[in-house]
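Engineer: got a structure for you, letters missing:
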């Protein structure tokens, strides 16, 4: 198998981070929308659960992420549950995580290419 479970998990993490980025950006875009409730994508927990199973590769292959309402968000008087500063910080941290996962995945592929003698 050319790509192992770790590489597959990295690819899923990159995709999950992209979905989370979209959710966080939507939260920021709706910071002044009365009644809007923030959403988030918990790709960390989903991947961790998949990796902990009896057949991690199959579980990771079937892994899907979705944006879900954050029930722990504290609503303002207008019913909006988005804190712009906290959301911006989460967006920046998520971008760094995605960038790190891309870098690790790229490095792993380069190592494989080098081992196969492909430039």
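Structural biologist: Yes, it's here. Fair warning: this is a prediction, and the values are worked out from it, not measured in the lab.

Engineer: switch to C-alpha atoms for all contacts and neighbour counts from now on
Structural biologist: Noted.

Engineer: quick check: which ranges of this structure have low pLDDT?
Structural biologist: 1-3 (pLDDT under 70).

Engineer: helices of that one, start to end?
Structural biologist: Counting by DSSP state H, the chain has helices at residues 5-29, 43-52, 56-62, 84-115.

Engineer: elements contacting the second one?
Structural biologist: Secondary structure elements in contact with helix 43-52, counted by 3 or more C-alpha pairs under 8 Å, 6 or more residues apart in numbering; DSSP states H and E, are helix 5-29, helix 56-62.

Engineer: try it again with 7 Å
Structural biologist: The helices and strands touching helix 43-52, judged by 3 or more C-alpha pairs under 7 Å, 6 or more residues apart in numbering; DSSP states H and E, are helix 56-62.

Engineer: what's near enough to touch the spatially closest residue to residue 33 that is not a sequence neighbour?
Structural biologist: Spatial nearest neighbour of residue 33, chain neighbours left out: residue 80 (6.6 Å); criterion: C-alpha to C-alpha, 6 or more residues apart in numbering. Residue 80 is in contact with 33-37, counting by C-alpha atoms under 7 Å, 6 or more residues apart in numbering.

Engineer: could you pick out the buried ones from the residues you listed?
Structural biologist: Buried members of these, counted by 16 or more other C-alpha atoms under 10 Å: 35-37.

Engineer: quick one: residues contacting the residue most central in space within the chain.
Structural biologist: With distances taken as C-alpha atoms, centre = their mean, the residue of the chain nearest its centroid is residue 17 (2.5 Å). Taking C-alpha under 7 Å, 6+ apart, we find residue 17 in contact with 94, 98.

Engineer: good, we can wrap up now.
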